[in-house]
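**Student:** Could you look at this predicted model? Sequence included:
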There are 2 protein chains.
Amino acid sequence: MSFQLESYLRNRTAQVADALNRLVPAAAHPPVPICEAMRYSLFAGGKRIRPILTLATVETLDGDWTSALPIACAIEMIHTYSLIHDDLPAMDNDDFRRGKPTNHKVYGDAMAILAGDALLTHAFQVLSETDMPGREKDLLAIIREIAMASGVSGMIGGQVADIQAEGKPTDEETLLFIHRHKTGDLLTASVRVGAIFAGASERELLLLTKYAESLGLAFQIKDDILDVTGDQEKTGKTVGADAALGKMTFPAVYGLEESKKQLAGLTDDALDALTQLNRETIILRSIADYLLNRES
Amino acid sequence: MSFQLESYLRNRTAQVADALNRLVPAAAHPPVPICEAMRYSLFAGGKRIRPILTLATVETLDGDWTSALPIACAIEMIHTYSLIHDDLPAMDNDDFRRGKPTNHKVYGDAMAILAGDALLTHAFQVLSETDMPGREKDLLAIIREIAMASGVSGMIGGQVADIQAEGKPTDEETLLFIHRHKTGDLLTASVRVGAIFAGASERELLLLTKYAESLGLAFQIKDDILDVTGDQEKTGKTVGADAALGKMTFPAVYGLEESKKQLAGLTDDALDALTQLNRETIILRSIADYLLNRES
């Protein structure tokens, strides 16, 4: 296997950044500060996991991944808006993210709310403008996937449950609900829309969904573990921040060792699904390994 | 002319409320409060001007207006989200709207931010699910119209300019920019997507756009005038609220008499465009008259 994940990630991250730069212009007419605020968070050093999952899925199914860049970027815009709004004083009240001041610390609360709104709106504009000639039905299905994963029955529902659970006794059902929806659904959608874009069969879509769901939950458990054991230098987050907020996390509910076991089990599930795909899945496999072993 | 605007508006308002009730369910699984918060503002007594404009445009072009209800409702969801976010303490800090406590006064700031986000997201989900078999390209064009009208070059851009202009010396160019984008663009989109839905010709789309742009600006001037001369009982708003905030308004820039003249002129422009349409335009005409003469 000559596949080099590091250079793959470096290349795709750069491609996503280029596309975002094209798709979210530096300055509209008068309301310049809103574009600045949108771009500040878009280019604040995110790992681009979601858009890369989309592109990797397209490539795994032999689709043209460069044509899927607008879809991948739309998902990154939605992810970014959710971070901006989560960081607001009315929500998690975070002053720093990835070592940089959060959006509202730089542009003020009003502009941060609007920058989030604008990124969410722009994501759907970009999606509606994606060039898929003769495949408009599939594009509408992609828009629907992304909207559902981001809405009340997806990411927003998870965030609401997270807020409501703060300071309450931990329980497994609520914890799973929060993790599945708050982070899991948009990660799963990232893979699923890549599959739809590439014209996956029903069976392929099912297996890739299984991969993504396991990966999404594993990803969040890893985040929870890093919050306990992580190196602040590397994560850019305060160690123990979740615990301090009384947040429901895997280590809090299951303990650290059991959380690590579950993480390993879910990663196996994700890799099993790939094996059944009967495709060259080295990219998706390497991404799963990378997310399991990351230190930030 | 036997057309009765009052009964028309009563009927369409009820139809829009019914459709919204179907499209935004009362309770998802666990995150119940978010659905409550969404529905609280959706059913807080709005005039439904935007969705009715969509339906009226479809009907004027002999389209099937009942099939356009999801599109009309999506626009109302976006309008409602914008009000929820505008009312937040970080923005206009309004405690009341239409005589009722604003969303964040009832559900708290965090839930109000999320309810707005959820309505915006849900609007695009509903749009992507609209049944327009064989006309997927037109549906994508409709989604694009609505996203553009709501985003940085539309409603959000207008809101940003509005915030930046507060307390600054009034100037005509900025005033027009704010009004055209903050309220005008979504009103115009309401008419345009109705036209696209009904399969309007290029010429019809152009004339209806002219109608909507004139109407949209007239609508905002009327709002500004009502803020000065309105009856608080009827408008449900504090008289002079805009002036107190140092907001840029037509009466502040042009004086009350000149503002009324401009309102009348724009209404004429809107009606002229309808005359050139060579259709039965009594509904759209009556709506323009109604918006010009309303007291709330």
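**Tutor:** Done, it's in.

**Student:** Next, the residue nearest in space to the middle of chain A: secondary structure please.
**Tutor:** With distances taken as C-alpha atoms, centre = their mean, A:R50 lies nearest the centre of chain A, 4.4 Å away. Recorded secondary structure, A:R50: helix (DSSP: H, G, I helix; E, B strand; the rest coil).

**Student:** And for it, nearest residue in space, chain neighbours not counted?
**Tutor:** A:S190 (4.2 Å; C-beta to C-beta, 6 or more residues apart in numbering or on different chains). To be clear about C-beta, it is placed using only N, CA and C from the backbone, and glycine gets the same treatment.

**Student:** for A:K210, what are its contacts?
**Tutor:** By C-beta atoms under 8 Å, 6 or more residues apart in numbering or on different chains, the residues touching A:K210 are A:269-270, A:273.

**Student:** top of the residues you listed by neighbour count?
**Tutor:** A:A270 (26 neighbours; other C-beta atoms under 10 Å in any protein chain shown).

**Student:** Quick one: residues contacting that one.
**Tutor:** Per C-beta under 8 Å, 6+ apart, neighbours of A:A270: A:210-212, A:214-215, A:218, A:288.

**Student:** Which one of the residues you listed is nearest to chain B?
**Tutor:** Nearest to chain B among the contacts of A:A270, counting by C-beta to the nearest C-beta, is A:A212 at 19.5 Å.

**Student:** Secondary structure element holding A:K261?
**Tutor:** Element membership for A:K261, per DSSP states H and E: helix A:256-275.

**Student:** Show me which positions of that helix end up buried.
**Tutor:** A:259-260, A:262-263, A:266-267, A:269-271, A:273-274 (16 or more other C-beta atoms under 10 Å in any protein chain shown).

**Student:** From the contacts of A:A270, which land in helices?
**Tutor:** Among the contacts of A:A270, DSSP state H puts A:210-212, A:214-215, A:218, A:288 in helices.

**Student:** Isn't A:L42 up against A:H79?
**Tutor:** No: at 9.8 Å, A:L42 does not count as touching A:H79 under the criterion of C-beta atoms under 8 Å.

**Student:** Contact residues of the stretch 101-250 of chain A facing chain B?
**Tutor:** A:108-111, A:113-114, A:116-118, A:120-122, A:124-125, A:127-129, A:136-137, A:139-141, A:143-144, A:147-148, A:150-153, A:156-161, A:163-164, A:174, A:177 (C-beta under 8 Å from any C-beta of the partner chain).

**Student:** Now the buried members of those residues.
**Tutor:** Buried among these (16+ other C-beta under 10 Å): A:109-111, A:113-114, A:116-118, A:120-122, A:124-125, A:127-129, A:136, A:139-141, A:143-144, A:147-148, A:150-153, A:156-161, A:163-164, A:174, A:177.

**Student:** The stretch 101-250 of chain A: helices as residue ranges?
**Tutor:** A:103-107, A:109-128, A:136-150, A:155-165, A:172-179, A:185-197, A:202-229, A:232-235, A:241-244, A:250-254 (DSSP state H, counting those that start in this stretch).

**Student:** Can I get those helices in CSV including mean pLDDT?
**Tutor:** Putting the helices of the stretch 101-250 of chain A into CSV (pLDDT from 0 to 100) gives the following:
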stretch, mean pLDDT
helix A:103-107, 98
helix A:109-128, 98
helix A:136-150, 98
helix A:155-165, 93
helix A:172-179, 92
helix A:185-197, 98
helix A:202-229, 95
helix A:232-235, 70
helix A:241-244, 72
helix A:250-254, 90
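
**Student:** Just put these in a markdown table and tack on distance to B:I34.
**Tutor:** Output for the helices of the stretch 101-250 of chain A, formatted as a markdown table (distance: least, C-beta to C-beta, whole Å):
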| stretch | distance to B:I34 |
| --- | --- |
| helix A:103-107 | 21 |
| helix A:109-128 | 16 |
| helix A:136-150 | 13 |
| helix A:155-165 | 5 |
| helix A:172-179 | 13 |
| helix A:185-197 | 15 |
| helix A:202-229 | 20 |
| helix A:232-235 | 29 |
| helix A:241-244 | 22 |
| helix A:250-254 | 23 |
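
**Student:** what's the closest of these to B:A17?
**Tutor:** Minimum separation from B:A17 across the helices of the stretch 101-250 of chain A (C-beta to C-beta) falls at helix A:136-150, 22.6 Å.

**Student:** How far away from the center of its chain is that closest one?
**Tutor:** 16 Å (C-alpha atoms, centre = their mean, to the nearest Å).

**Student:** what do you get for stretch A:69-83?
**Tutor:** With C-alpha atoms, centre = their mean, you get 8 Å for stretch A:69-83.

**Student:** Just the buried residues of that stretch, please?
**Tutor:** A:69-83.

**Student:** now, among the buried residues of helix A:256-275, which is nearest to A:V32?
**Tutor:** Distances from A:V32 to the buried residues of helix A:256-275, taken by C-beta to C-beta, are shortest for A:A270, at 43.1 Å.

**Student:** Tell me how far that closest one lies from A:I283.
**Tutor:** Per C-beta to C-beta, to the nearest Å, A:A270 is found 13 Å from A:I283.

**Student:** Next: A:Q164.
**Tutor:** Distance from A:Q164 to A:I283, by C-beta to C-beta: 38 Å.

**Student:** same deal with A:I84?
**Tutor:** Distance from A:I84 to A:I283, by C-beta to C-beta: 30 Å.

**Student:** More neighbours: the two, which one.
**Tutor:** Higher neighbour count among A:I84 and A:I283: A:I84, with 30 against 21, using other C-beta under 10 Å.

**Student:** List the residues that contact that one.
**Tutor:** Contacts of A:I84 (C-beta under 8 Å, 6+ apart): A:41, A:102-104, A:112, A:115-116, A:119.

**Student:** Name the helix or strand for it, please.
**Tutor:** Going by DSSP H and E, A:I84 is in helix A:69-87.

**Student:** Relative to the whole chain's centre, how far out is that helix?
**Tutor:** With C-alpha atoms, centre = their mean, you get 8 Å for helix A:69-87.

**Student:** mind listing what the nearest residue in space to A:H104 that is not next to it in sequence touches?
**Tutor:** Nearest non-adjacent residue to A:H104, counting by C-beta to C-beta, 6+ apart: A:A112, 3.6 Å away. For A:A112, the contact set (C-beta under 8 Å, 6+ apart) comprises A:37, A:84-85, A:87-88, A:102-104.

**Student:** And those residues, which is closest to chain B?
**Tutor:** A:H85 (5.8 Å).
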